[in-house]
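Chemist: Just the structure for this:
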Amino acid sequence: MSGAALLSASLQRVRLQGRPVLQDIALELPAGRWTAIVGPNGAGKSTLLRALAGLIAIEGQVLLEGRPLPAWPARERARKLAWLGQNEGGADDLRAQDVVMLGRLPHQAWLAPPSAQDLDCVRAAMQQTQSWDWRERRLATLSGGERQRVLLARALAVRAELLMMDEPLAHLDPPHQADWIAIVRQSVAAGGSVVSVLHELNIALRADWLLVMAGGRVLHRGRPQDPATHAALQQVFDQRLRMLEIEPGQWLALPLTG
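Modeler: Presented below is the predicted three-dimensional model:
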């Protein structure tokens, strides 16, 4: 696992509609690992991810490979960083294959037709997410889980070094959640980096690194198996979790009744 900083941030404050949502956050995310951002509802997880991706205004600075995000040409940054947001709308009238092809736009010349490489990347991404069979269907005709797999394929088709995903497991059933973990692991094994916001704690506990948030701050960062990480999780979830080791180094977070 590489120790070089891929993404670093110093955020004094982030506001949404004039209301402070994040404050006093400083972090570095090394390349070559899967980082999961977790915390209770309203902790600021999605806002932090959007700030790190350069999608919202911030008071502070985010560096991608040591360069401020605004200093990156748009197309170059789009080839470096791929984004999958939650509840993404639009494109309902497009075929699933055309939606995934949107992920190749940063690699294409203006108004140029898709290249053979573009077509290969789209097919590979859709096969990876098991969405190739409905490539001719309109996005609007797909179920929530099918749609999510197409949108994941679009992000994968970019072939970016950094993949950022906000609630990527929405609408996915357990077998396809397991497939998502395998995709993330394949990406990291190939030298990529993944940052994901997850509500599913037991999947987040399989990441390489956790950021534990509450109240617009990062309260802890550490490995999922570390006792300090478990204590932080129990703290932000009001001591309503029991941490259980199911095999060496693999933990579950079991909810406790109030």
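
Chemist: which residues of the stretch 1-150 of the chain fall in helices?
Modeler: 45-52, 74-80, 96-101, 116-128, 144-157 (DSSP state H, counting those that start in this stretch).

Chemist: Dump these into JSON lines; add distance to residue 61 as well.
Modeler: In short, each C-beta sits where N, CA and C put it, glycine included. Below are these laid out as JSON lines (distance: least, Cβ to Cβ, whole Å):
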{"stretch": "helix 45-52", "distance to residue 61": "10"}
{"stretch": "helix 74-80", "distance to residue 61": "15"}
{"stretch": "helix 96-101", "distance to residue 61": "33"}
{"stretch": "helix 116-128", "distance to residue 61": "32"}
{"stretch": "helix 144-157", "distance to residue 61": "25"}
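
Chemist: what residue ranges in the stretch 151-258 of the chain are flagged as low confidence?
Modeler: Within the stretch 151-258 of the chain, the segments meeting pLDDT under 70 span 258.

Chemist: Now do the strands in the stretch 101-250 of the chain.
Modeler: 162-166, 193-197, 209-214, 217-222, 241-247, 250-255 (DSSP state E, counting those that start in this stretch).

Chemist: I'd like those as TSV, with mean neighbour count and distance to residue 119 appended.
Modeler: Formatted as TSV, those follow (neighbours: other Cβ atoms under 10 Å; distance: least, Cβ to Cβ, whole Å):
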stretch	mean neighbour count	distance to residue 119
strand 162-166	24	21
strand 193-197	24	25
strand 209-214	24	35
strand 217-222	18	40
strand 241-247	12	42
strand 250-255	15	39
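
Chemist: nearest to residue 57, of these?
Modeler: strand 162-166 (17.5 Å; Cβ to Cβ).

Chemist: what packs against that closest one?
Modeler: Contacts defined by 3 or more Cβ pairs under 8 Å, 6 or more residues apart in numbering; DSSP states H and E place strand 162-166 against helix 45-52, strand 81-84, helix 144-157, strand 193-197.

Chemist: what sits opposite residue 7 in the beta ladder?
Modeler: Under DSSP bridges, the beta-bridge partners of residue 7 are residue 29, residue 64.

Chemist: Could you measure from it over to residue 82?
Modeler: Per Cβ to Cβ, to the nearest Å, residue 7 is found 13 Å from residue 82.

Chemist: Need the residues touching each of these two.
Modeler: residue 162 (Cβ atoms under 8 Å, 6 or more residues apart in numbering).

Chemist: Quick one: residues contacting the residue lying closest to residue 159 once chain neighbours are set aside.
Modeler: Leaving aside its sequence neighbours, residue 159 sits nearest to residue 121 (Cβ to Cβ, 6 or more residues apart in numbering; 6.1 Å). The contact partners of residue 121, by Cβ under 8 Å, 6+ apart, come to 103, 104, 157, 159.

Chemist: Let me have the residues you listed in CSV, extended by distance to residue 21 and neighbour count.
Modeler: Output for the contacts of residue 121, formatted as CSV (distance: Cβ to Cβ, whole Å; neighbours: other Cβ atoms under 10 Å):
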residue, distance to residue 21, neighbour count
103, 29, 25
104, 33, 21
157, 31, 27
159, 32, 20
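
Chemist: Present the residues you listed as JSON lines; the columns should include distance to residue 23.
Modeler: Converted to JSON lines, those look like this (distance: Cβ to Cβ, whole Å):
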{"residue": "103", "distance to residue 23": "34"}
{"residue": "104", "distance to residue 23": "38"}
{"residue": "157", "distance to residue 23": "36"}
{"residue": "159", "distance to residue 23": "35"}
